[in-house]
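Asker: with the input below, show me the fold.
(chains A and B)
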There are 2 protein chains.
Amino acid sequence: MTAIAPGGRIGILGGGQLGRMLAMAAAELGFKCHIYCPDEEVPAADVAAALTRAAYDDAGALARFAGSVDVVTYEFENVPAETAHILSQHAPVRPGAAALATAQDRLTEKNFLKQNGIATAPFADVANADDLAKALDAIGTPAILKTRRMGYDGKGQARILSPKAAAAAWDAIGRLPAIIEGFVDFEREISVVVARGADGKVAAYDPVENIHANHILDRTYAPAALTPALAGEARAIAGKIVSELDYVGVMGVEMFVGRAGRLLVNEIAPRVHNSGHWTMDACAVSQFEQHIRAICGWPLGSPARHSDAVMTNLIGADAGTWAALAAEPGAKLHLYGKAEARAGRKMGHVNRLYPLGKRPPVTPR
Amino acid sequence: MTAIAPGGRIGILGGGQLGRMLAMAAAELGFKCHIYCPDEEVPAADVAAALTRAAYDDAGALARFAGSVDVVTYEFENVPAETAHILSQHAPVRPGAAALATAQDRLTEKNFLKQNGIATAPFADVANADDLAKALDAIGTPAILKTRRMGYDGKGQARILSPKAAAAAWDAIGRLPAIIEGFVDFEREISVVVARGADGKVAAYDPVENIHANHILDRTYAPAALTPALAGEARAIAGKIVSELDYVGVMGVEMFVGRAGRLLVNEIAPRVHNSGHWTMDACAVSQFEQHIRAICGWPLGSPARHSDAVMTNLIGADAGTWAALAAEPGAKLHLYGKAEARAGRKMGHVNRLYPLGKRPPVTPR
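Answerer: Numbering: from 1, shown residues only, chains lettered A, B, ... in the order given. Down below sits the predicted model:
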């Protein structure tokens, strides 16, 4: 593909904080962004050249939007297939339909990983209550039932601590097509934010360690304390995933580190990822710029780190601590311009920087 | 003053690259920006929540603009006094009228510095041809004649190499009220980007060395290679200037380092400054965020540097090298979204980062 030159127009589906940070990174490279979002409040629109406020199934608005830009990308993986299809008739859509199809369905995703020899938690397809009973026999308890589609931040999930709890779990997730996963006795959760360019080259940021609270990312420690061999293996797994998907853009790959030092892939996100926000301040090229480079056919930037970092999400009322955070030397505050600090809502994050090798140890939850 | 909370609205007079980078820094802190600019092409508007396109003497538009925001700032020092006056009736204008009055008039500025014991090149007031002849007798040649008002990037200036050239120089600057400055035999040009908060606290980034080409900044080396004593003196001078002006915001202070290690202030700019662009990638808090913090009554951020840096401006056709710059590891490219790469026009800049103490030596022009 020919690279899109500065001055080109980038369409971004979704107007939340990821779209907002993508739009600012694109502007820094001289691009103009056009946001497409049905919401009343669109944080990304405040830093973009244009906004279309319309539904994701409004074929006419989608066509006009895609016709006005040089490339379309998205900030969320649940872009409907029909939406992506309409857009793709007017502009290239990147990362693209194959990545969306794989990441939108937990079963497809797990099968894709398995076919490529990438280890995951044991899993089974659950189409009905019979499947569930059989799968529980095979996988055992504790296990976790997850809807195949539309799950995020712990939504659409139910734990099954004993076979007796199966029926209640099945009801809890709305009897939707699901998978069941065996419980993994993991030591740590890590992730790799990886990019693949249109030229097929791959660049992975260093693996990071993530601490969750209430199923939402709380903190990211960059880098994760791993042996060089294990860090290399994590990067290689992430690279294999984007290469096998013929992916163009940035992807977040979540992994568990088992007690024996074995890596299991938990989930992939075909977009910029919360666990990559530390790159905004600790790398010359952030994950947001990296994604823009990839989808515009530019060479990828170096994922090298000039500083260690700890990223802390500001969830809901946490954003009210902005004055204390602003007064803290070396803390870089990022706020998303959202009006209402509802419980569980991602309002911003703070990156604390440290010289290389000097980040504080991980504080468990 | 009470700090303006995230979600507040910031008005920015001027829609060029400085306004654009201020708007992005403000958005990162959760503010919404409103740009006021009469131009057809407004790079800052592409990253701002609102734009008023109107003339700087449109009293009605100015009043509506200032009435819609919590504070007004500007990206250029030549804001007409009447404009600032109208704005200030509806919202605080920072850095404010005193700073503008001082920096808009080279004679007022030089007298202010002199009254505060800050060394400058020898200078004299030139209101007419007689003054010029007398001043040349006192100051000698070579000397440089500069209009008191509206000069930048070498405009409104004429060199006088011998007394015979005085009349031609006087014609060349349009016989406008001027000052004449004696030629300084300087070793290097440095600058200090300094900030003063609403609480009176001062934070200065490390002095940097600047290389000009065709009267336009070409490169900035951060930090300047100075003895700790001289670097401290430079910071102290900059701090004294902002404190004496009761200034709130970021200011650029340009200085000459004389051959004997003596510091002379060349000029002050009551705004974010091109020689501070390196802070965007080499400090946790950039000069743009620092300015937003100051004018919003927030505590200043730390001006500490995590990396050394060399900033290179992309002037006119330089911007055409974006593909090569994008492929250079560790180079952070910034483009301003301007359509036409006219000669002499600032189109972008690139920051190259180095570990502390490892920046390459200054290459003279």
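
Asker: make sure A:Glu254 is indeed in a helix.
Answerer: No. In this structure, A:Glu254 is strand, not part of a helix, as judged by DSSP: H, G, I helix; E, B strand; the rest coil.

Asker: where does the stretch 251-365 of chain A dip in pLDDT?
Answerer: Low-confidence segments of the stretch 251-365 of chain A, defined by pLDDT under 70: none present.

Asker: near chain B, which residues of it?
Answerer: A:281, A:284-285, A:293, A:298-299, A:301-302, A:304, A:306-307, A:319, A:322-323, A:326-327, A:329-337, A:339, A:348, A:351, A:353, A:355 (CB under 8 Å from any CB of the partner chain). The way it works is simple: take the backbone N, C-alpha and C, and place the C-beta from them, glycine included.

Asker: now the residues you listed: which count as buried?
Answerer: If you count burial by 16 or more other CB atoms under 10 Å in any protein chain shown, the buried members of these come out as A:281, A:284-285, A:293, A:298-299, A:301, A:306-307, A:319, A:322, A:326, A:330-337, A:348, A:351, A:353.

Asker: and those residues, which of them are in strands?
Answerer: A:331-335, A:348, A:351, A:353 (DSSP state E).

Asker: what's the most distant pair in those?
Answerer: Greatest spacing in those, by CB to CB: A:Leu335 and A:Leu353 (17.7 Å).

Asker: pLDDT value on A:Asp153, please?
Answerer: Looking at A:Asp153, its pLDDT is 63.

Asker: by proximity to chain B, which residue of the stretch 51-200 of chain A wins?
Answerer: A:Leu51 (10.3 Å; CB to the nearest CB).

Asker: now do the helices for the stretch 51-200 of chain A: every range, in order, please.
Answerer: A:59-67, A:81-88, A:97-104, A:106-115, A:129-139, A:166-172 (DSSP state H, counting those that start in this stretch).

Asker: for B:Thr73, find the nearest of the ones you listed.
Answerer: Proximity to B:Thr73, assessed across these by CB to CB, is greatest for helix A:59-67 (33.6 Å).

Asker: let me see the mean pLDDT of that closest one.
Answerer: pLDDT averaged over helix A:59-67 gives 98.

Asker: go through that helix and flag the buried ones.
Answerer: Those would be A:61-62, A:65-66, for helix A:59-67 by 16+ other CB under 10 Å.

Asker: how about CSV for the residues you listed, with distance to chain B added?
Answerer: Listed next are the buried residues of helix A:59-67 as CSV, based on distance: CB to the nearest CB, whole Å:
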residue, distance to chain B
A:Ala61, 21
A:Leu62, 22
A:Phe65, 17
A:Ala66, 19
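
Asker: for chain B, see how far away the residue positioned nearest the centre of chain A is.
Answerer: By CA atoms, centre = their mean, the mean C-alpha position of chain A lies nearest to A:His273, the distance being 3.4 Å. According to CB to the nearest CB, to the nearest Å, A:His273 stands 19 Å off from chain B.

Asker: swap in A:Leu226?
Answerer: 23 Å.

Asker: that residue is in contact with A:Ile190, isn't it?
Answerer: Yes. With contact defined as CB atoms under 8 Å, A:Leu226 reaches A:Ile190; the gap is 7.2 Å.

Asker: coming back round to it: mind putting the helices of the stretch 51-200 of chain A into CSV with distance to B:Leu113?
Answerer: Shown next, in CSV, are these (distance: least, CB to CB, whole Å):
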stretch, distance to B:Leu113
helix A:59-67, 54
helix A:81-88, 59
helix A:97-104, 60
helix A:106-115, 66
helix A:129-139, 78
helix A:166-172, 73
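
Asker: circling back: leaving out chain neighbours, which residue sits closest to the residue of the stretch 51-200 of chain A closest to chain B?
Answerer: Here the nearest residue to A:Leu51 in space, its sequence neighbours aside, is A:Ala45; by CB to CB, 6 or more residues apart in numbering or on different chains that works out to 4.1 Å.

Asker: run a quick neighbour tally on that neighbour.
Answerer: Counted with other CB atoms under 10 Å in any protein chain shown, the neighbours of A:Ala45 add up to 25.

Asker: any idea how far it is from B:Phe31?
Answerer: 15 Å (CB to CB, to the nearest Å).

Asker: next, count neighbours for A:Glu267.
Answerer: Close neighbours of A:Glu267, defined as other CB under 10 Å, add up to 18.

Asker: ok, what's across the strand from it?
Answerer: A:Glu254 (DSSP bridges).

Asker: wait, doesn't A:Arg64 sit right on A:Tyr36?
Answerer: No. With contact defined as CB under 8 Å, A:Arg64 does not reach A:Tyr36; the gap is 9.8 Å.

Asker: residues in contact with A:Ala225?
Answerer: Residues counted as contacts of A:Ala225 (CB atoms under 8 Å, 6 or more residues apart in numbering or on different chains) are A:209, A:362.

Asker: related to what we said a few turns ago, so what sits against both of A:Leu226 and A:Ile190?
Answerer: Listed contacts common to A:Leu226 and A:Ile190 are A:207, A:234, A:257; contacts here mean CB under 8 Å, 6+ apart.

Asker: these in strands, which ones?
Answerer: A:Val257.

Asker: most neighbours, which of the shared contacts of A:Leu226 and A:Ile190?
Answerer: A:Pro207 (29 neighbours).

Asker: report the separation between it and A:Glu233.
Answerer: Going from A:Pro207 to A:Glu233 by CB to CB gives 9 Å.

Asker: count the residues that sit near A:Phe186.
Answerer: Burial measure for A:Phe186: 17 neighbouring residues, criterion other CB under 10 Å.

Asker: show me what contacts the residue of the stretch 51-200 of chain A closest to chain B?
Answerer: A:15, A:34-37, A:42, A:45.

Asker: distance of the residue nearest to A:Gly156 when sequence neighbours are not counted relative to A:Thr120?
Answerer: Nearest non-adjacent residue to A:Gly156, counting by CB to CB, 6+ apart: A:Thr147, 3.8 Å away. Per CB to CB, A:Thr147 is found 17 Å from A:Thr120.

Asker: show me the contacts for A:Trp278.
Answerer: So A:Trp278 contacts A:208, A:220, A:222, A:309-311, A:351 (CB under 8 Å, 6+ apart).

Asker: of these, closest to chain B?
Answerer: A:Asn351 (7.8 Å).

Asker: do you know how far the closest one is from A:Leu325?
Answerer: 11 Å.

Asker: shared neighbours of those two, which are they?
Answerer: Joint contacts of A:Asn351 and A:Leu325 (CB under 8 Å, 6+ apart) are A:Ala331.

Asker: touching both of A:Arg64 and A:Tyr36, which residues are there?
Answerer: By CB under 8 Å, 6+ apart, the residues touching both A:Arg64 and A:Tyr36 are A:Thr52.
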